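Asks: Output the structure for:
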Amino acid sequence: METQAKSKTEALIHEIKQEAVATRNLLALVPFDKLEYKPHEKSMTLKRLSVHVAEINGWWKECLVHDELDFSKGNFTPKECNSVEELLAYHDDLVEKSIKILSDINENEFQKPWTMRNGDQIYFTAPKAGVVRTWCMNHLYHHRGQLTVYLRLLNVPLPSMYGPTADM
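Replies: Numbers count the residues shown, from 1 in each chain. So this is what the prediction gives:
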C-alpha cells in the first residue's frame, strides 16, 4: 500500500501517459484515403475529428498557464496533417508539452479561476482543477469514443483501450 497520496500533477501525468498510448494506437489506424468521411451531415469529417483528438492534448497550456480563453482574441486554424505519421507526430509533441506543463506547474494553480469567453459573453468560470478534467481529459475521451465509431463504420478493426474489443 502506498503511504503517501500522489500529488494532483503526478496523478494527471500518469493518466496522460496511459491514455496517450491508447489514443496513439487509435490515431495510427485512421485511413487517410477516407478523410472526408462523416457518418452524418452534421458530423465532423474523419480528418477534422482525428486532428481534434490529437489537438486536445495542447489545451493544457490554455487551461493551466492562462487564466482564460477568449475566442474573440484568437485566430485558431486547425493543424493540417497529411499522413498518419504527421498526425502521430502532432499527438506525440502535444502530449510531451502537456507533461512538461504539468511537471512545471505549481499545484496552487489548480484552485485559480479560469474563464471561457467570447469577448463580453462569458460561457463559464470554474476552478482550473475542474477545467482540466473536463476540457483536457473528458473532452478527449468523448471525441476518442466518436473516433472509434467512425472507424467501426469504416470496418477498421479497433485496438484495445481498456481491455479486449470485438476485434481481439
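Asks: What are the boundaries of the strands in the chain?
Replies: Ranges of strands in the chain, per DSSP state E, are 68-70, 113-118, 121-127.
Asks: pLDDT (mean, whole number) over the second one?
Replies: Mean pLDDT, computed over strand 113-118, is 96.
Asks: and it, what other elements does it pack with?
Replies: strand 68-70, strand 121-127, helix 128-131 (3 or more CB pairs under 8 Å, 6 or more residues apart in numbering; DSSP states H and E). Heads up, the C-betas are built off the backbone N, CA and C, glycines and all.
Asks: I figured Pro159 hits Leu27, correct?
Replies: No - between Pro159 and Leu27 there is no contact under CB atoms under 8 Å: 10.2 Å.
Asks: More neighbours: the two, which one.
Replies: Taking neighbours as other CB atoms under 10 Å, Pro159 and Leu27 compare with Leu27 leading, 21 against 17.
Asks: that older thread, now render the strands of the chain as JSON lines, adding distance to Ala11 and mean neighbour count.
Replies: What follows is these, written out as JSON lines (distance: least, CB to CB, whole Å; neighbours: other CB atoms under 10 Å):
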{"stretch": "strand 68-70", "distance to Ala11": "24", "mean neighbour count": "16"}
{"stretch": "strand 113-118", "distance to Ala11": "19", "mean neighbour count": "16"}
{"stretch": "strand 121-127", "distance to Ala11": "16", "mean neighbour count": "12"}
